[in-house]
Every structure is written in structure tokens, then in C-alpha cells.
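Undergrad: Fold the following, please.
(one chain, ligands or ions: 1)
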Amino acid sequence: MAQAIVTPPMQRKAEALAALVPLMSKGRSKRTGQHFVIVPGTTPTVAHWATATGCTCVGFQRRGVCTHSLAVRIAQTPAQKVSPAALATRERMKSYAELFPADD
Ligand SMILES: [Zn+2]
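TA: Okay, the predicted model is just below:
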């Protein structure tokens, strides 16, 4: 298979799609147990089953990479850790006892 190449437009589209991945329906294959995300395709009424490593769309079969699979991979990548300096500037959250004082 040819080397899978991610073009800048594909990357941009995948990043936009990745933001929607948490809202998309998820599934699990009864045969293999593999979890997948149901990603809506460009064509109305068409959806693709995508994982971080594969997709059921024609583009993935032809090129070995697609925006659906890229989007799932981006969405499943853990967010970068917040630096201690950024944490220090955050407003401290109220504790449970401050929010719901005990009745005496
Ligand atoms: Zn795809």
C-alpha cells in the first residue's frame, strides 16, 4: 500500500470533526469486541465506522488514512497536562461543605 499522507486540509477537517466525536454514537463489534465511533459521512444518510486505526469509508480503503479515523485518533489523544502556573491562576473551586453547609 502507498504511504498514507495527511494533507493540511485533511488535518484541519479532522480537527474540526474531532471536537464532535464525543457527541457521536459509539458502538462495539459483537464479533471482535472492538469499539468504534459512528462518524457521519459527507454524503447525507451515510455514516462510517471509525477507530483510531481504521475506517469503513472508501477513502481509508484507497489511501490508508481518512479524516474520520484521524478525528477519532485526535479525540482519543489525552489532553496536554495543565501547568502548575496555570492551575495557580485558576479560581479555587468551592468544597462540598462550602456549597452545602450541614444543618445543625
Ligand atoms: Zn473514513
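
Undergrad: quick one: buried residues of the longest strand belonging to the chain?
TA: Across the chain, the longest stretch assigned as strand under DSSP state E is strand 35-40. The neighbour-count check on strand 35-40 (16 or more other CB atoms under 10 Å) flags Phe36, Val37, Val39 as buried. For the C-beta atoms, the positions are set from N, CA and C on the backbone; glycine is no exception.

Undergrad: With stretch 24-37 instead?
TA: For stretch 24-37, using 16+ other CB under 10 Å, the buried residues are Met24, Phe36, Val37.

Undergrad: Between the two ends of it, how far is it?
TA: Stretch 24-37 stretches 7 Å from its first residue to its last (CA to CA, to the nearest Å).

Undergrad: That stretch: how far from the chain's middle?
TA: On the basis of CA atoms, centre = their mean, to the nearest Å, stretch 24-37 sits 14 Å off its chain's mean C-alpha point.

Undergrad: Do that stretch and the ion come into contact?
TA: No: using CB under 5 Å from the ion, stretch 24-37 never reaches the ion; the gap is at least 10.5 Å.

Undergrad: tell me which parts of the protein are close to the ion?
TA: Counting by CB under 5 Å from the ion, the residues of the chain that sit close to the ion are His48, Cys55, Cys57, Phe60, Cys66, His68.

Undergrad: from the middle of its chain, how far away would stretch 11-24 be?
TA: Counting by CA atoms, centre = their mean, stretch 11-24 is centred 6 Å from the centre of its parent chain.

Undergrad: Repeat that for stretch 46-63.
TA: 15 Å.

Undergrad: got the contact list for that stretch?
TA: 2, 4-5, 27, 34-41, 65-69, 71-73, 76 (CB atoms under 8 Å, 6 or more residues apart in numbering).

Undergrad: pLDDT averaged over it - what is it?
TA: The pLDDT scores in stretch 46-63 average 95.

Undergrad: Tell me which helix or strand comes right after the helix-or-strand element of the chain with minimal mean pLDDT.
TA: The helix or strand of the chain with the poorest confidence is helix 84-89; it has a mean of 64 (mean pLDDT, DSSP states H and E). Of the helices and strands lying after helix 84-89 in sequence (DSSP states H and E), the nearest is helix 96-99.
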